[in-house]
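Sequence and predicted model, in that order:
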Amino acid sequence: MTLILNRRQALIGMGAVGAAAAFGMPARAATRNLAVLHLASHAPSFIAYERGYYKEAGLDIDLKFFEAAQPMAVAIASGDADFGVTAMSGGLISLAQKDAVKVIGGALTEEKGTVGAIILASNKAYDAGLTDPSKLAGKSFGITTAGSSFHFMIHKIAEANNIKLSDIQLRPLQKLGALVGALSTGQIDAWAIQPNVAKQMLREGAAKQIGLVSDYAPNYQVTTAFTSTKNAKSERDLTSAFVKAYSKAIADYNAAFVDNKANDAERDDLAKIVHKYVESDSPFETARQNLIDGAMRINNGLALSLDSCVEQLEWFKSEGMVKEAITNDQLFDTSYVKTI
């Protein structure tokens with residue numbers, strides 16, 4: 001549905017607005033943007049969009065694509081996007097302290113028993129002896145930006161292996177595509193990434209698997225759902241509608257790919273939706289199998305693993321990437337979802 005159609009609706013009369021209010025739904029107004037990445041972890045974003053769940057909830061949502069988590073937070077704060085689902089970055093936390101954004105839910109999570117993010121070594125580094133994360137000292141590790149989820153993951157990996165983080169060379173390369181290229185060509189020694197990307201690299205012989213992030217960060221809340229402070233505080237119907245629509249798509253995704261409760265036809269239908277946005281340059285059967293083999297749990301109802309998020313916040317503080325003064329209340333609005 002376009003903005004032109006919304007305006008035409010407005011001209012028809014205010015009756016629809018009154019009806020929407022009566023049913024606790026946001027009146028259709030300007031198109032809202034959802035910030036997303038071309039990753040399988042964003043599958044519910046695409047499912048809700050293609051299956052019309054946003055529209056059912058009274059929302060007119062467009063997808064706005066980004067290459068990293070940090071710019072997504074800036075877009076939410078500036079009003080270029082209304083909602084986002086991505087890692088809790090240092091930039092997001094700093095914007096929360098300025099009362100610009102709020103974390104309202106949790107999404108992707110590392111869970112024992114599922115593949116989760118895969119730790120990769122370049123072929124060059126692997127051949128030189130980097131066959132296990134315990135050997136990362138003195139090696140380079142790719143991240144998008146300081147304070148990204150990749151930065152936190154290597155912190156957890158290093159900590160578990162009694163390696164000083166300062167003994168690992170962090171290589172910020174801004175974009176996912178740049179990290180894929182750098183690992184494939186041996187410009188960086190190691191990286192950790194969600195299984196849909198990792199498995200494609202492994203299949204193509206571009207890298208070697210040396211570990212799983214879930215072995216070092218079980219129950220890690222990898223991504224969170226967030227919005228502007230204005231939406232969280234003053235647009236509660238709008239924000240609740242988004243949570244409802246997104247949660248419906250999460251249920252579809254988990255049933256099909258994580259819990260294996262969906263039939264083959266349903267699984268194929270969902271895989272075709274995701275394939276439009278993720279691994280679209282791969283044959284469908286390959287992308288479908290990667291989606292099944294590499295599925296990660298997304299919290300039902302966008303439930304928020306608050307302990308994990310607070311641990312991340314305290315780490316950001318300890319590293320001097322955010323100010324000590326920021327409080328949990330400034331960062332989180334837990335009124336929309338369950339905390340776990």
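Everything's here; your move.

Going by C-alpha atoms from here, please, whenever you check contacts or count neighbours.
Fine.

any residues touching stretch 186-195, and which ones?
By CA atoms under 8 Å, 6 or more residues apart in numbering, the residues outside stretch 186-195 that reach it are 39-41, 115-125, 139-143, 150, 153, 171, 179, 182-183, 198, 213, 290, 294-295.

the helices in the stretch 201-340 of the chain, which residues?
Secondary structure of the stretch 201-340 of the chain by DSSP state H, counting those that start in this stretch: the helices cover 229-234, 236-253, 264-275, 284-293, 306-318, 328-331.

Nearest to Asn219, out of those helices?
Minimum separation from Asn219 across these (CA to CA) falls at helix 306-318, 7.1 Å.

Can you give me the buried ones in that closest one?
Of the residues in helix 306-318, Leu306, Ser308, Cys309, Gln312, Leu313, Trp315, Phe316, Lys317 count as buried by neighbour count, 16 or more other CA atoms under 10 Å.

ok, now stretch 45-59?
Ser45, Phe46, Ile47, Ala48, Tyr49, Gly52, Tyr53, Tyr54, Lys55, Ala57, Gly58, Leu59.

Would you mind putting the buried residues of helix 306-318 into CSV with distance to Asp252 alongside?
Formatted as CSV, these follow (distance: CA to CA, whole Å):
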residue, distance to Asp252
Leu306, 24
Ser308, 25
Cys309, 25
Gln312, 29
Leu313, 31
Trp315, 34
Phe316, 34
Lys317, 37
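
Which of those residues sits closest to Lys244?
Among these, Leu306 lies closest to Lys244 (CA to CA), at 19.7 Å.

one step back: any idea which of the helices of the stretch 201-340 of the chain is most buried?
helix 236-253 (a mean of 22; mean count of other CA atoms under 10 Å).

and that helix with helix 264-275, angle?
Interaxial angle of helix 236-253 relative to helix 264-275 (axes from the mean of the first three to the mean of the last three CA atoms, to 10 degrees): 120 degrees.

Need the residues that contact helix 236-253.
With contact meaning CA under 8 Å, 6+ apart, helix 236-253 is reached by 24-26, 43-45, 47-48, 53-54, 56-59, 231-232, 270, 298-302, 336.

Pick out the residue nearest the middle of the protein.
Nearest to the geometric centre of the chain sits Thr86, at 3.2 Å (CA atoms, centre = their mean).

can you map out the helices along the stretch 1-150 of the chain?
3-12, 15-22, 43-50, 53-56, 69-78, 90-97, 123-127, 149-160.

for the helices of the stretch 201-340 of the chain, which one sits closest to Glu67?
Among these, helix 264-275 sits nearest to Glu67 (CA to CA), with 17.3 Å.

What's the mean pLDDT across the closest one?
If you average the pLDDT over helix 264-275, you get 97.

Could you give the separation of that helix from the chain centroid?
Offset of helix 264-275 from its chain centre (CA atoms, centre = their mean, to the nearest Å): 20 Å.

hmm, who's touching that helix?
With contact meaning CA under 8 Å, 6+ apart, helix 264-275 is reached by Ala40, Ala43, Phe46, Ile47, Glu50, Tyr253, Ala256, Phe257, Phe284, Ala287, Arg288, Leu291.

switch the cut-off to 6 Å
For helix 264-275, contacts defined as CA atoms under 6 Å, 6 or more residues apart in numbering pick out Ala43, Ala256, Arg288.

and the angle from that helix to helix 284-293?
100 degrees.

Export helix 264-275 to CSV, keeping only CA atoms.
The C-alpha coordinates for helix 264-275 follow below in CSV (Å, rounded to 0.1, in the frame of the first residue of the first chain):
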residue,chain,number,x,y,z
ASP,A,264,7.0,-29.3,3.7
ALA,A,265,4.7,-27.0,1.7
GLU,A,266,4.7,-24.4,4.5
ARG,A,267,8.5,-24.7,4.8
ASP,A,268,9.0,-24.2,1.1
ASP,A,269,6.6,-21.3,1.0
LEU,A,270,8.6,-19.5,3.8
ALA,A,271,11.9,-20.4,2.2
LYS,A,272,10.8,-18.9,-1.1
ILE,A,273,10.0,-15.6,0.7
VAL,A,274,13.3,-15.5,2.5
HIS,A,275,15.2,-16.4,-0.7
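
what's the angle between it and helix 43-50?
Using the same axes, to 10 degrees: helix 264-275 against helix 43-50 is 100 degrees.

Rounded mean pLDDT for stretch 132-152, please.
Per-residue scores along stretch 132-152 average to 94.

Quick one: residues in contact with it.
Under CA under 6 Å, 6+ apart, the answer for stretch 132-152 is 87, 89-90, 161, 167-175, 188-191, 210.

Pull out the buried residues from that stretch.
By neighbour count on 16+ other CA under 10 Å, the buried set for stretch 132-152 is 133, 136-137, 140-152.
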